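In: sharing a model prediction with you, sequence too.
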Amino acid sequence: MRFIVTIFLLNFFIANAFAQTTFDDNIRPADAVPGNYVPFLQHKRVALIINQTSVVGDSSLLDMLINRGINVVKIFVPEHGFRGNEDAGAHVDNSTDSATRLPIISLYGNHKKPKPEDLADVDVVVYDLQDVGVRFYTYISTLEYCMEACAENNRQFIVLDRPNPNGFYVDGPVLEPGQKSFVGMQAIPVVYGMTCGEYVGMLAGERLFTKAACVDLKVIKCTHYDHSKKYRLPVAPSPNLKTMTAIYSYPSLCLFEGTPVSVGRGTGRPFEQYGCPEFEGKYTYSFMPVSGPGARKPPYENKTCYGETTGENPEAVLKKLDNKMNLDWLIKACNAYPDKEKFFTPFFTKLCGTKTIVDMIKKGADEQTIHDSWKVKIRDFKKIRKKYLLYKDFE
């Protein structure tokens with residue numbers, strides 16, 4: 001496990017070596033202070049929801065707890081698997097950890113929520129995953145299902161909170177009724193500006209899942225974090241979010257997953273660029289996706305895609321975003337595509353959480369008009385969000 005973590009750290013730091021953004025390196029996720037939570041796990045049968053991001057210093061949370069004598073009985077893993085190297089949407093089988101011989105249970109595919117039998121030999125479930133603060137990033141869907149299962153089965157649920165790298169703004173369309181899916185389970189904006197610890201507080205406090213009033217919830221806070229600060233992720237949260245440039249671009253570029261446009265899966269810069277073969281002659285920049293780890297058979301494999309990058313470093317992307325989602329990339333690409341009627345797929349609506357964005361873009365609405373369309377719902381969401389913040393807000 002330590003070898004895997006080291007490789008992720010090395011790749012992540014190399015990719016961000018020339019970034020100019022000012023990050024606060026004093027910020028620490030909750031798991032960095034074991035004294036704040038290990039006492040709650042003593043003499044308990046513990047299940048962990050973890051992956052490659054669940055590290056404490058140079059050790060995995062799993063190894064650290066076992067070395068402290070905690071009785072860890074099983075591991076639950078989200079999309080991308082235990083080591084975080086599986087393709088988006090890839091089937092991940094249950095398995096056994098080779099080092100500890102603990103069972104690893106995949107919470108993806110047809111088994112998104114722990115079953116009563118999964119929790120039969122468990123007293124407390126601990127969640128420690130690095131999220132990126134975007135509605136369609138499925139770790140918060142796994143978070144909700146696990147908390148719901150704990151409430152239904154009278155198990156304690158502990159969240160080791162982590163900073164939100166996109167937690168310094170709130171923006172995007174709010175999920176509408178009828179659009180619920182694993183890439184959007186609650187009526188929140190695309191960028192919701194909450195840590196996982198704050199988010200579970202809202203889920204429980206607003207009674208947003210079955211037996212929410214019954215959940216035995218404990219949140220262990222981060223240290224030195226607030227929503228005005230920029231946090232540098234030490235480990236890539238998934239195989240195609242390799243850099244902070246990608247993490248900042250992700251809320252805007254992921255919408256392209258509901259179109260015929262590639263976001264650079266299968267290249268060295270996924271979610272830092274977009275393009276497709278049909279844009280030849282309309283864009284000068286190009287890239288060619290190839291199959292590899294974390295991107296097996298990517299869209300337009302071995303074909304030249306024409307498009308553009310989001311920026312050369314995190315600072316450049318943040319300047320373009322100006323604390324909001326960038327829709328100019330999407331509007332520009334839609335206008336450049338040969339057949340507008342075939343540009344948006346049904347999955348685009350799932351990602352957006354609303355059907356109105358497609359109609360507005362097709363009718364020629366500009367970015368500001370589209371942003372204005374969700375202002376009222378953003379305002380209403382912020383009123384709810386404010387009740388559950390654990391850290392100083394950005395406003």
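Out: That came through fine.
In: average pLDDT for stretch 346-366?
Out: Confidence for stretch 346-366, expressed as mean pLDDT, is 96.
In: for it, which positions count as buried?
Out: Buried positions in stretch 346-366, judged by neighbour count with 16 or more other Cβ atoms under 10 Å: 348-358, 360-361, 365. In short, each C-beta sits where N, CA and C put it, glycine included.
In: with distance to Val183 and secondary structure added, can I get the residues you listed in a markdown table?
Out: Below are the buried residues of stretch 346-366 laid out as a markdown table (distance: Cβ to Cβ, whole Å; DSSP: H, G, I helix; E, B strand; the rest coil):
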| residue | distance to Val183 | secondary structure |
| --- | --- | --- |
| Phe348 | 11 | helix |
| Thr349 | 11 | helix |
| Lys350 | 6 | helix |
| Leu351 | 6 | helix |
| Cys352 | 10 | helix |
| Gly353 | 9 | coil |
| Thr354 | 13 | coil |
| Lys355 | 15 | coil |
| Thr356 | 18 | helix |
| Ile357 | 15 | helix |
| Val358 | 16 | helix |
| Met360 | 21 | helix |
| Ile361 | 20 | helix |
| Ala365 | 24 | coil |
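In: mind listing the helices for the stretch 251-395 of the chain?
Out: Counting by DSSP state H, counting those that start in this stretch, the stretch 251-395 of the chain has helices at residues 314-321, 328-336, 346-352, 356-362, 367-373, 375-386.
In: what's next to the second one, contact-wise?
Out: Which is helix 328-336. Outside helix 328-336, the residues that touch it by Cβ atoms under 8 Å, 6 or more residues apart in numbering are 252-253, 255-256, 259, 261, 274, 278-279, 282-283, 307-308, 310, 340, 343-344, 361-362, 366-367.
In: again, only using 10 Å
Out: With contacts defined as Cβ atoms under 10 Å, 6 or more residues apart in numbering, helix 328-336 is touched by 249, 252-253, 255-256, 258-261, 273-276, 278-279, 281-283, 306-308, 310, 320, 327, 340, 343-344, 348, 357-358, 360-362, 364-367, 370.
In: okay, the angle between that helix and helix 314-321?
Out: Interaxial angle of helix 328-336 relative to helix 314-321 (axes from the mean of the first three to the mean of the last three Cα atoms, to 10 degrees): 70 degrees.
In: could I get the average pLDDT for helix 328-336?
Out: For helix 328-336, the mean confidence score works out to 97.
In: beta-bridge partners for Gln156, please?
Out: Assessed by DSSP bridges, Gln156 has beta-bridge partners Val124, Asp216.
In: next, count neighbours for it.
Out: Using other Cβ atoms under 10 Å, Gln156 has 18 neighbouring residues.
In: and this structure, what are its domains?
Out: The chain is divided into the following domains under automatic domain parsing: 2-220, 244-364.
In: Lys230 is nearest to which of these?
Out: Nearest to Lys230, of all these, is domain 2-220, at 5.0 Å by Cβ to Cβ.
In: what residues sit buried inside stretch 324-342?
Out: Per 16+ other Cβ under 10 Å, stretch 324-342 contains these buried residues: 325-327, 329-334, 336-337.
In: now that stretch - C-alpha only, PDB.
Out: The C-alpha coordinates for stretch 324-342 follow below in PDB (Å, rounded to 0.1, in the frame of the first residue of the first chain):
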ATOM      1  CA  LYS A 324     -17.800  30.100 -11.300                       C
ATOM      2  CA  MET A 325     -18.200  27.300 -13.800                       C
ATOM      3  CA  ASN A 326     -16.900  28.100 -17.300                       C
ATOM      4  CA  LEU A 327     -19.600  27.500 -19.900                       C
ATOM      5  CA  ASP A 328     -17.800  29.300 -22.800                       C
ATOM      6  CA  TRP A 329     -15.900  26.100 -23.600                       C
ATOM      7  CA  LEU A 330     -19.100  24.100 -23.900                       C
ATOM      8  CA  ILE A 331     -21.000  26.800 -25.900                       C
ATOM      9  CA  LYS A 332     -18.000  27.200 -28.300                       C
ATOM     10  CA  ALA A 333     -17.700  23.500 -28.800                       C
ATOM     11  CA  CYS A 334     -21.400  23.100 -29.500                       C
ATOM     12  CA  ASN A 335     -21.300  25.900 -32.100                       C
ATOM     13  CA  ALA A 336     -18.300  24.200 -33.700                       C
ATOM     14  CA  TYR A 337     -19.800  20.800 -33.900                       C
ATOM     15  CA  PRO A 338     -21.200  19.800 -37.400                       C
ATOM     16  CA  ASP A 339     -24.600  18.700 -36.100                       C
ATOM     17  CA  LYS A 340     -26.000  20.600 -33.100                       C
ATOM     18  CA  GLU A 341     -28.900  18.200 -32.700                       C
ATOM     19  CA  LYS A 342     -26.500  15.300 -32.100                       C
END
